[in-house]
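[1] Return a 3D structure for these sequence lines:
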Amino acid sequence: MHPAWDPEKAKRIVEERRSQTRGEAAVIRELIAARSSKRALDEAKIFHKRAGTAESEAVLFEAYVARVEGLFASGLTQEARALIELVKGRFPAARDCLAALEIDLAARRSDWQVLLRALADPRCSPERRLAIERAVTRPGQG
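    Coordinates of the predicted model:
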């Protein structure tokens, strides 16, 4: 015979899991802030695989972005570009968020074709145009 269902116990279990999830997300964000993007990404993958929530997905995306930025900062632009493409495939709704990183990468590589193609696109927003302008006028670019 099964013990009677205890709604208070169930509520406590749910709250404990929510608290644990918030804690894991906070740890991953701390790793990102500490510029430990590789470790943050590894932890975020584990977290999202286990939790599978909207929050874990958001944290995973943040970790991917931090890793791309870390690769840029290390001069590993080819690896950064490959990771951007992977993230675009996994997070199709986040393409606009990745646009600034792509512009930065194109400017670092002096990839004028990519920048001009973006500017020629009638859907190019004023914000994206400004980001391109800033990227190509930044010292050390082009």
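[2] from here on, contacts and neighbour counts on C-alpha atoms
    Will do.
[3] Quickly list the domain ranges of this structure.
    Here the domain assignment for the chain is 8-74, 91-142, based on automatic domain parsing.
[4] if you compare these, which one is most tucked away?
    Comparing those by mean neighbour count (mean count of other C-alpha atoms under 10 Å), domain 8-74 ranks first with a mean of 17.
[5] Ends of that domain, what's the gap?
    Taking C-alpha to C-alpha, to the nearest Å, the first and last residues of domain 8-74 lie 51 Å apart.
[6] Rounded mean pLDDT for it, please.
    Averaging pLDDT along domain 8-74 gives 86.
[7] Where does residue 28 sit, in terms of helix or strand?
    helix 7-33 (DSSP states H and E).
[8] mind checking the SS state of residue 110?
    Following DSSP: H, G, I helix; E, B strand; the rest coil, we place residue 110 in the coil state.
[9] got the phi/psi numbers for it?
    phi 50, psi 40 (degrees, to the nearest 10).
[10] Make 34 the first number, not 1, from now on.
    Right, with 34 as the first residue, what we last looked at is residue 143.
[11] That one and residue 137: what is the separation?
    Distance from residue 143 to residue 137, by C-alpha to C-alpha: 10 Å.
[12] what's the answer for residue 80, then?
    Taking C-alpha to C-alpha, one finds residue 80 at 29 Å from residue 137.
[13] if we can go back for a sec, let's have the domains of the chain in JSON lines, adding distance to residue 113.
    What follows is these, written out as JSON lines (distance: least, C-alpha to C-alpha, whole Å):
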{"stretch": "domain 41-107", "distance to residue 113": "5"}
{"stretch": "domain 124-175", "distance to residue 113": "8"}
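[14] Packing partners of the following helix or strand past the helix holding residue 61?
    Where DSSP H and E defines the elements, the next helix or strand beyond helix 40-66 is helix 70-84. Packing contacts for helix 70-84, counted by 3 or more C-alpha pairs under 8 Å, 6 or more residues apart in numbering; DSSP states H and E, involve helix 40-66, helix 87-106.
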